[in-house]
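Colleague: Quick one, structure for this:
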Amino acid sequence: MLILKPKFDFEVSVEMEITPSVAKADEQEIKDFEVYYGKKKVKLSELFEIKKEGDEAKLVLEGDFSKVKWVGTRMDEGEIVVKGNIGDHCGAYMTGGKIVVEGNALDWLGAEMKGGEIIVKGNARNYVGCAYYGDMTGMSGGKITVDGNVGNYIGEKMGGGEIEIKGSAGDFIGTEMKDGVIVIHGDCGFVGGDMKGGTIKIKGNFELVPGFKEVEDGFEGDVNAGGKGKVVKIA
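Modeller: Coordinates of the predicted model:
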């Protein structure tokens, strides 16, 4: 297990593509692991207090990591526990393992992830499980759970997997969605624009785009895009 704690309050963002596999390296390799602090490439030991306990593929981040981006990118094993807030792109492209954020997450949580699990016990911002600009497919596997509220563009271009929001969400939920499941326990704004497949389940209030028709078990659309997606009201 590897425990990291910031040595000071970061003035600029930290680009840190780190996964639990780093915890299996020797201590000197960990200290020399290179990250970007703003435009400057620095060693991990310049920014963080480092404590290594055994060789388990587990990474524990203690403190405020809200300016630290790309944590868990392409992660395929092990566990990351964030004892605070986390920055943009957490869990992007991940294929396996588990990330638990005890605070809040910023934008692009689980973007284009293919497997594994992400749990956020606070709130998350925009673009959860989305595709990056110019890409055709967002999240295609795994599960993202947010215990609090989220922002806009949740599950845009989603191709599989599951997103569960226990609070409320903003607008443009499931835009261009192809497959998978989005569950929102609270309220949200507009849902299903250009939706082609998959299912959106909503407990609270929501707004449908015009291209949906009512069917026996909910609404189907977006017919303007030839879609067969489902929006379902749940108890």
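Colleague: Would you tell me which helix is longest in this structure?
Modeller: Longest helix of the chain, by residue count under DSSP state H: helix 27-32.
Colleague: Need the CA coordinates for that helix. PDB is fine.
Modeller: In PDB, the C-alpha atoms belonging to helix 27-32 read as follows (Å, rounded to 0.1, in the frame of the first residue of the first chain):
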ATOM      1  CA  GLU A  27      10.500   3.200  -2.600                       C
ATOM      2  CA  GLN A  28      13.100   5.000  -4.700                       C
ATOM      3  CA  GLU A  29      11.200   4.300  -7.900                       C
ATOM      4  CA  ILE A  30       8.100   5.800  -6.200                       C
ATOM      5  CA  LYS A  31       9.900   8.900  -5.100                       C
ATOM      6  CA  ASP A  32      11.300   9.400  -8.600                       C
END
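Colleague: pLDDT weak spots in this structure?
Modeller: Applying pLDDT under 70 to the chain flags no residue at all.
Colleague: Just the buried residues of stretch 34-47, please?
Modeller: 35-37, 44, 47 (16 or more other C-beta atoms under 10 Å). In this view, the C-beta of every residue, glycine as well, is placed from N, C-alpha and C.
Colleague: no no, stretch 210-224
Modeller: Neighbour counts over stretch 210-224 (16+ other C-beta under 10 Å) mark 211-212, 218-222 as buried.
Colleague: ok, back up a step: how far off centre is the longest helix of the chain?
Modeller: Relative to its parent chain, helix 27-32 has a centroid offset of 28 Å by C-alpha atoms, centre = their mean, to the nearest Å.
Colleague: Kindly report the same for stretch 6-20.
Modeller: 18 Å.
Colleague: cool, and stretch 55-72?
Modeller: On C-alpha atoms, centre = their mean, the centre of stretch 55-72 falls 14 Å from that of its chain.
Colleague: same question, stretch 107-118
Modeller: 4 Å.
Colleague: do stretch 143-162 as well
Modeller: Offset of stretch 143-162 from its chain centre (C-alpha atoms, centre = their mean): 7 Å.
Colleague: Only alpha carbons, please: show that stretch as CSV.
Modeller: Provided in CSV are the C-alpha atoms of stretch 143-162 (Å, rounded to 0.1, in the frame of the first residue of the first chain):
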residue,chain,number,x,y,z
LYS,A,143,-20.2,1.1,-12.7
ILE,A,144,-20.1,4.7,-11.3
THR,A,145,-22.0,5.5,-8.1
VAL,A,146,-22.3,9.1,-6.8
ASP,A,147,-24.1,9.4,-3.4
GLY,A,148,-24.7,13.1,-3.8
ASN,A,149,-25.6,15.4,-6.8
VAL,A,150,-24.0,15.8,-10.2
GLY,A,151,-23.9,18.4,-12.9
ASN,A,152,-24.6,18.3,-16.6
TYR,A,153,-23.9,15.9,-19.5
ILE,A,154,-24.0,12.7,-17.5
GLY,A,155,-23.5,9.6,-19.6
GLU,A,156,-23.1,11.5,-22.9
LYS,A,157,-22.4,9.0,-25.7
MET,A,158,-22.5,6.2,-23.1
GLY,A,159,-22.1,2.7,-24.7
GLY,A,160,-22.5,0.4,-21.7
GLY,A,161,-22.1,0.0,-17.9
GLU,A,162,-24.1,1.7,-15.3
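Colleague: give me phi/psi at Thr19?
Modeller: Torsion angles at Thr19 (phi, psi; degrees, to the nearest 10) stand at phi -130, psi 170.
Colleague: Could you do Ala225 as well?
Modeller: For Ala225, the backbone dihedrals (degrees, to the nearest 10) come out as phi -110, psi 10.
Colleague: Please apply the same query to Glu207.
Modeller: Here is the backbone geometry of Glu207 (degrees, to the nearest 10): phi -120, psi 120.
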